[in-house]
Each structure stands twice: as C-alpha cells, then as structure tokens.
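Peer 1: My questions are about this predicted structure, shown below with the sequence.
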Amino acid sequence: MKTQFMLSALTASLLAMQASAQSPANQQSLTTVIVNANRIAQPYSDVMKSVTVIDRETLIASAAPDMFSVLQAVPGLQLARTGLMGAQTSLFTRGAESDHTLVLLDGVRINTASEGAARLENIPLSQVERIEVTRGPQSSLYGADAIGGIIHIYTSQQTAPDSPALTGDISAGAGTEASRSAQANVTLTQSNTELDLSLSHNETDGIRPRNEPQSAQDKSPYENTAWSARLTQQLNGDSRLWASVLESDAEYTFDGGESENISRTVTGGARFEFNNLFTSQVQVSRFKDDNLYQQFSPTESTTTRTSVQWQNELSWNENSESVLGLDTDREKLVYVASGAVQNEERRDNEAVFALHSQTFGANQLSLSLRYDDNEQFGDFTTGRLALGRDIGEQSNIWIAAGNAFKAPNLIDLYVDFPQFFFYANPALQPEESKNTELGISTVLANTSLQATIYNNRLSNLIDSNATFDSLTNISRAEISGVELTASRAIANWNAQASITLMDHENKATGESLLRRADEQANLRLRREFQQLSLLFDWLWVGERADLDPVTFARSSVDSYNKLDIVANWQFGEALNAQLRIGNALDEDYEVVDGYNTLGRNAMLKLRYQF
C-alpha cells in the first residue's frame, strides 16, 4: 500500500513537472556531465551505470554540516548512526551491508582493515570538492568491498589556466548545540603550477544521544580539525604531476566512553598523455587510520594500507576506448584490546583489470574484467557486461549484469577473544553477489528523468556459526529495488525529486534486513532571486526494522520526514551569509531505535571569497 502511494505521488510530481509550461531548464543536461565511474572521464550517457554527482556548488548551497547530511538524500543510499556528528555512521547502498560500499578519497581506499567500512563520520566536508556515488556492484574495476557501490570523494580540482594567482575563501559559523566552525581554503597558481591549501575546524556540544534503557547522562561533544595540501604541476596537454596529503583529527565523547581518530592519506602520481591515442597514469598512496576507542578498557586499531595503481587508457577512435591496469595493496592491521590475541597482521593483494567500451551506431557495449590474487583467500575473478542503446536525442536505455565480492576483514580472520570464547576463522571466504539491472535516462519537456531497476543476490555472507564461538560463510540475502529521479526548472525554481523503493530479505530467516526502509523520497527546491537564494530540502524515510536496545529482540522504527531550509544572502561579490534551519518542522523521530536526533536547529555562517 505504501509503495503504491509513493509511486502515485512520484508519478503526479513528474507529470506536474512535465506539464508546467515554463522556460527551459537552466542547467546542464545529464548527458554532458563527466563522471569517472569506469575509472576514466566519460560523459554520463556513456557509463551505463547509476551515478549521482554532488559538486562543490551543491555542497555549499546545502550548508550540510557533515557527510551524513549530504548522502542521506542520494537515491539508493540509506544511513544510520547512534547519535549526531561523530557517532559511528552506517551506510547501506542499495540495501547492502555497511562494509559493502567502497569509499575512495582521491582514488585511495579508505575502508578500514578492522571494521571493513570507511569512517564517514570523520571525513571533513570542508575539504571536499566533488562526490561521485556509483550504485551497484563495481568489483570488476575496483576489486573487493564494492558489492553495494562506490563513493568517490575528490578533495580538489585544478583551476582554469587563466585563474588569478591567488584565490580562496574564509568562513566561520555558529549555531545551536554550541556548534562552531571555521575554515580557510587558498589556491596559489603560477604558470602551470598550482598549490591548494586547506584548514578547517568543526565542533559541537551535541545532545544526549541514548534514550533507552535509560537516557544518557551527558551530551556527546565532537570536534574535528583537518588540513590538506595538494601540489599539481601541469605538463603538456593532459600530462601532469601531483602530490597531496590530507589529515583529520577527530574526538568524540559519549556516555561512558570516548574515541579519537587520526586519519592521514598521502598520494603522489604522474599522468602522461603520449598522443591522442595513449595515456598512462601511476599513483602511489599510503593510508593510515589510527582509532582509539575507550569504554571500560581501551581498544586501539591501526590500519595502514600502501597502494600502487597503474592505469593505461587507449582511445582507438571516437567510438572505441580501452583501459588496462594493475593494482597492488599491502594492508596491515595492529589491533590491541584487553583479552584479544592477534595471529596475523597483514595481507597483500595484486590485481589486473581491463575495460573496453565500444559504440556501434546507436548501440553501446561495455565489458570489464578483473582478476584479484589475494594472499589470504587466493584468486577471485569478477566481470560486468553492459549493453545500451540511444533511443532518441538525450535518451538511452541499458541493461547490465555482473558479480562482486567483499573480502573478510582482518579482525574476523586473525583476532581471537579467548576470554569470551570467541575465535577468528582464517578459512573465511569472500562474500559474493550477482547483480542484474536495467536503466533508462531521458530528457522530456526540459525534465531530466532517470529510472533504474535492479536485483542483487548476496551469498557466502559472514555470520556466527551454530555454536556462536566463531564466524562462517552461511548467510544469504536478496535485494531488489527501483530508483527514480527527476529534475527541471519550474517557475524559476530548480526542482529535483527522487524516490527509492526496495524489497530486501534475509534468506535464512525470511525477515527484512535491519535498518533499511522499503521506501525513501526526497524533494529539493532551489531559487535564486537577486542577492537572495533559497533552498528547501525535504526527506521522507519509511518504517525500518531494528533491534530493541533493551531486549535485543527485533523492533521497528517509525517513518519520518524532515525539512531543511537554507537561505543565502550575497553582500556584493565577495561576502555572503548563510542560514541553515535543520529539521524546520521540529519533527520528533529516530533513525536508530533507542537514540535521539536533533529537533529544530540552526547554523549561521559567513563566507568571504577573494
């Protein structure tokens, strides 16, 4: 019944968008947006994947305080966290587990070797220039951990050649819950050399997050200080050299404990365009995540990953291109906790991958293959085949099938807890998935429309064994869904609407998966006047299954809707003020059973550009 209602509501919205006799949409067509879903820059219409791009302009306009707020409205994504900023954040891409999404920071894997997921709560949004969300299995190009999809975060983009020698911005803000923020970004350009520097600090006193079995006694303050630097030397054509570093230091205090996380990503690379046919790129990186969690006794985990990526791009002609590459990763985990015994610290992974994309008139073909040789579980081959066809101007349809896998994390493999009679299982095998999907995108009456239908069957999932003293590959799940989006200009307003419908089941129990809603919808309206611009961002999330925090039996969390309003006032060319009213309707809701969320809140920020 809910699904029928949401479909009817969406259909009515889309018809209203198309029926409005307004001026043409003042925005780029999706067919011209350049994305990197296939590890090369391509127009959106050529990738035959479900991709959402969030650029810097959108990030600034949203005044979002953290990554949670940015991603929660993206079609196909659902997030959960036990508190506010700084609390552990779980991300479910198309209903897959929270460690089934690969997160890349400027091409570097930042999923930890302990939990298997990236610490999204500590990624400093002020350092982010662009986010690309690619939904659906992507192991055929990126290897492990990409069962649900990929989130690729870019921290800087090269400025235009004629940019001034010195540009940047400075901002500061304050709001409810004693929230404070400050940041500075500077770009220095000299001839073909560019230096990007950024420094930010964010903190809040938070709220009392837990409300069951009893309310938390104290608030949960959070603070994050981050800095980054990137040096780029442009050579001839598309050739360039670069080096970068990004570091964040985050501290989060909760009732009964605290955590501190220090994360650093260092990269260096070179790209050489030898001619119009052949380009080669190499990047060397090191990611280190040091996390200290203290409740009753301290637990410290340190992930270190050193990677080398070598990628070669061949453009045979305007209708044919290929990618060939090598990836190597050395992953190390040091885990120190009371009663824990670690039997192994590291593992290596080497991989080769290839992609070929071909256009035959109105038809398209994309084939990608990857072979991973892992020191722990041996070899694994993944592939994806996509076929598409142009069905009119700015319209195309595509169908794809592929498989993916998730490697077991190093704690599940090598860390024993004998005092709790629980032991690791070094014989664990990768979790696997098989996926099929059908997508269509078109532009009708100045309205950009997209629809994707998918089915993802997951097997070999890791779960407790029958005696609950170890882990084994026994669970299965099936997830099917529909993602619909529409965008256009209506009476000088830019409107974007999306809806996600999902059916998900744990095949062992016949029950729905935890913390995933069957329906989710988002509507965003934005208008620019003269000095003033307004943004209305509405999110509706359906009922979800959860676990009762007292009895640990299955429970449910009610549906909720949330409206955020952002007003931006421009004082001349350099200075602007931005006011964000979060949860403007003061909705009382939960994302996770037993945990509070923010009521109506506000943040005022001033920003000066030079």
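Peer 2: That came through fine.

Peer 1: Give me the most central residue, this protein.
Peer 2: Compute the mean C-alpha point of the chain, and by C-alpha atoms, centre = their mean the closest residue is residue 151, 3.5 Å away.

Peer 1: What pLDDT does the model give it?
Peer 2: We have a pLDDT of 97 for residue 151.

Peer 1: quick one: secondary structure of it?
Peer 2: Per DSSP: H, G, I helix; E, B strand; the rest coil, the local secondary structure of residue 151 is strand.

Peer 1: The closest residue to it other than its chain neighbours: how many residues sit nearby?
Peer 2: Here the nearest residue to residue 151 in space, its sequence neighbours aside, is residue 103; by C-beta to C-beta, 6 or more residues apart in numbering that works out to 4.9 Å. All C-beta atoms are positioned from the backbone trio N, CA, C, and that covers glycine. Counted by other C-beta atoms under 10 Å, the residues lying close to residue 103 total 21.

Peer 1: Adjacent strands (with direction) for the helix or strand hosting residue 103?
Peer 2: Assigned by DSSP states H and E, residue 103 belongs to strand 101-105. Strand pairing for strand 101-105, determined by DSSP bridges: strand 108-109 (antiparallel), strand 149-154 (parallel).

Peer 1: Identify the residues contacting that strand?
Peer 2: With C-beta atoms under 8 Å, 6 or more residues apart in numbering as the test, strand 101-105 has contacts from 91, 93, 109-111, 117-118, 120, 123, 138, 142, 144-153, 155, 246, 265, 287.

Peer 1: So which of the strands paired with strand 101-105 is the most surrounded?
Peer 2: Comparing the strands paired with strand 101-105 by mean neighbour count (mean count of other C-beta atoms under 10 Å), strand 149-154 comes out on top with a mean of 24.

Peer 1: what's the next secondary structure element after that one?
Peer 2: Sequence order places strand 166-175 as the next helix or strand after strand 149-154, per DSSP H and E.

Peer 1: next structured bit after that following strand?
Peer 2: Following strand 166-175 toward the C-terminus (DSSP H and E): strand 179-190.

Peer 1: which residues touch residue 242?
Peer 2: Applying C-beta under 8 Å, 6+ apart to residue 242 gives the contacts 230, 231, 232, 233, 267, 268, 269, 270.

Peer 1: any idea how far residue 155 is from it?
Peer 2: 11 Å (C-beta to C-beta, to the nearest Å).

Peer 1: Same check on residue 406?
Peer 2: Residue 406 sits at a distance of 26 Å from residue 155 (criterion: C-beta to C-beta).

Peer 1: Looking at those two, which one has more neighbours?
Peer 2: Shown here are residue 406 and residue 155; by other C-beta under 10 Å, residue 406 has more neighbours (27 against 20).

Peer 1: Now that one: closest residue in space, sequence neighbours ignored.
Peer 2: Going by C-beta to C-beta, 6+ apart, residue 406 has residue 431 as its nearest residue, at 4.2 Å.

Peer 1: Over to residue 507?
Peer 2: In this structure, residue 507 finds its nearest non-sequential neighbour in residue 476, 3.9 Å apart by C-beta to C-beta, 6+ apart.

Peer 1: So which other helices or strands are in contact with the host helix or strand of that neighbour?
Peer 2: Following DSSP H and E, one finds residue 476 within strand 471-490. Where contact means 3 or more C-beta pairs under 8 Å, 6 or more residues apart in numbering; DSSP states H and E, strand 471-490 is packed against helix 2-19, strand 447-464, strand 493-506.

Peer 1: Sheet partners, orientation included, of it?
Peer 2: Its sheet considered, strand 471-490 pairs with strand 447-464 (antiparallel), strand 493-506 (antiparallel) by DSSP bridges.

Peer 1: Could I get the buried residue list for it?
Peer 2: Neighbour-count burial for strand 471-490 flags 471-473, 475-490 (criterion: 16 or more other C-beta atoms under 10 Å).

Peer 1: Report the secondary structure element holding residue 241.
Peer 2: Assigned by DSSP H and E, residue 241 falls within strand 240-254.

Peer 1: can you count the residues close to the closest residue to residue 217 other than its chain neighbours?
Peer 2: Of all residues not flanking residue 217 in the chain, residue 255 sits nearest, at 5.7 Å (C-beta to C-beta, 6+ apart). Using other C-beta under 10 Å, residue 255 has 16 other residues around it.

Peer 1: Isn't residue 255 up against residue 209?
Peer 2: Yes. The criterion here is C-beta atoms under 8 Å, and residue 255 meets it with residue 209 at 7.4 Å.

Peer 1: joint contacts of these two?
Peer 2: Residues touching both residue 255 and residue 209 (C-beta under 8 Å, 6+ apart) are 216, 220.

Peer 1: Can you tell me how far residue 510 is from residue 504?
Peer 2: According to C-beta to C-beta, residue 510 stands 12 Å off from residue 504.

Peer 1: Looking only at neighbour counts, state which of the two leads.
Peer 2: residue 504 (23 against 7).

Peer 1: If the more buried one is in a bridge, with which residues?
Peer 2: Under the criterion used (DSSP bridges), residue 504 bridges to residue 479.

Peer 1: Over to residue 398?
Peer 2: Going by DSSP bridges, residue 398 forms beta bridges with residue 388, residue 439.
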